[in-house]
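A.B. asks: Build me a structure from this.
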Amino acid sequence: MKFAIIGAGNIGSALAFGLAQSKLVRTEDICISNTHPEKLERIKAFDPAIRTTTDNRECIEGADVVVLAMKPWKLQEAAEQLKPWLDYERQIVASMVGGVGLKDLQAVFQKDGKCPALYYLIPNTAIAARESMTFLSSVGATKEQDEALLAVFKDLGDAMLVEERLMNAGLVLASCGIAYALRYIRANTQGGVLLGFTPADAQRIVAQTMKGAASLLSTDHSHPEAEIDKVTTPAGLTIRGLNAMERNGFTTSIIEGLMASIPQAK
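C.D. replies: Next up is the predicted model:
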């Protein structure tokens, strides 16, 4: 599968980095375009085999999937530029433009009453390390296209094909969620320094502990409380710590943060 990525900002670059390490996509089948050549230099520095260009038309030629990775206010202009050259019968258009749903995409890409197969994608920045949680929603796509694109994004971490109504929830849990997880790591690292470790060692310990906790759930598919029970002995240290965190609003603050992050209807 050949990918054209329009936009080399943080998320567009992250996708290119992830795809370049994928088992399902050849590096030479990745092209990324941007109007600012300096942004393309770090793509080439990462892997010279990734094709780069400042010409969007050149980038989409021969691509199976055209990924839009830009700010929302640039979408209309990009769509008008790309529409004359897109093969509506063969090429997939997948948008990572935040807040732009499938109906909006249909409106901007409609041509002579037709639209290409359209996808709304929400990955997170861990896609650069092939550890993203990516959400996909589609319109006008075939089952085969759904399965092929889902397979690629599962190879870049994990991926779910969901109804569009769940995309904002996915955005909060997995995309915003990266920042929330990192903030927890930062807080825990600060605690580690207070306990006597150097900042570097504390961060190393916390990051590995987070990785281990996530592995327990993803490998055994167990419930978090079941794993917590394994380390909370009666009158023990862990339950004291958990209770102190809850008294200070641990769970409540996380849930309120998630709800505050839900995009508001315009």
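
A.B. asks: Can you tell me the element Leu136 falls in?
C.D. replies: For Leu136, the host element (DSSP states H and E) is strand 132-139.

A.B. asks: List the strands paired with that strand, with their directions.
C.D. replies: Here strand 132-139 is paired, per DSSP bridges, with strand 117-122 (antiparallel), strand 157-161 (parallel).

A.B. asks: Name the stretch among these that sits most buried.
C.D. replies: strand 117-122 (a mean of 23; mean count of other Cβ atoms under 10 Å). C-beta here means a position set from N, CA and C on the backbone, and glycine is covered the same way.

A.B. asks: contacts for it?
C.D. replies: 67, 91-96, 98, 100-102, 105-106, 109, 134-142, 145, 149, 153, 164, 167, 170-171, 174-175 (Cβ atoms under 8 Å, 6 or more residues apart in numbering).

A.B. asks: what about it, distance to the chain center?
C.D. replies: 12 Å (Cα atoms, centre = their mean, to the nearest Å).

A.B. asks: Of the contacts of strand 117-122, keep whichever come out buried.
C.D. replies: Among the contacts of strand 117-122, the ones that count as buried by 16 or more other Cβ atoms under 10 Å are 67, 91-96, 100-102, 105, 109, 134-138, 140-141, 145, 149, 153, 167, 170-171, 174-175.

A.B. asks: mind listing the helices for the protein?
C.D. replies: For the chain, the helices defined by DSSP state H cover 10-20, 37-46, 56-60, 75-82, 102-109, 143-154, 167-170, 176-195, 199-220, 224-229, 237-247, 250-261.

A.B. asks: okay, the ones you listed, which one's buried deepest?
C.D. replies: The most buried stretch of those, if neighbours are counted by mean count of other Cβ under 10 Å, is helix 10-20, with a mean of 23.

A.B. asks: what angle sits between that one and helix 143-154?
C.D. replies: Per axes from the mean of the first three to the mean of the last three Cα atoms, to 10 degrees, the angle that helix 10-20 makes with helix 143-154 is 90 degrees.

A.B. asks: could you give the angle of helix 10-20 to helix 37-46?
C.D. replies: Per the same axes, to 10 degrees, the angle that helix 10-20 makes with helix 37-46 is 30 degrees.

A.B. asks: And the contacts of stretch 247-259?
C.D. replies: With Cβ under 8 Å, 6+ apart as the test, stretch 247-259 has contacts from 172-173, 176, 180.

A.B. asks: in terms of contact, does Ser222 touch Leu216 like I think?
C.D. replies: Yes - using Cβ atoms under 8 Å, Ser222 is in contact with Leu216, at 6.6 Å.

A.B. asks: Just list the residues touching Asn168, thanks.
C.D. replies: By Cβ under 8 Å, 6+ apart, the residues touching Asn168 are 262-263.

A.B. asks: could the contacts of stretch 247-259 be laid out in CSV, adding distance to Ala126?
C.D. replies: Shown next, in CSV, are the contacts of stretch 247-259 (distance: Cβ to Cβ, whole Å):
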residue, distance to Ala126
Val172, 16
Leu173, 13
Cys176, 13
Tyr180, 13
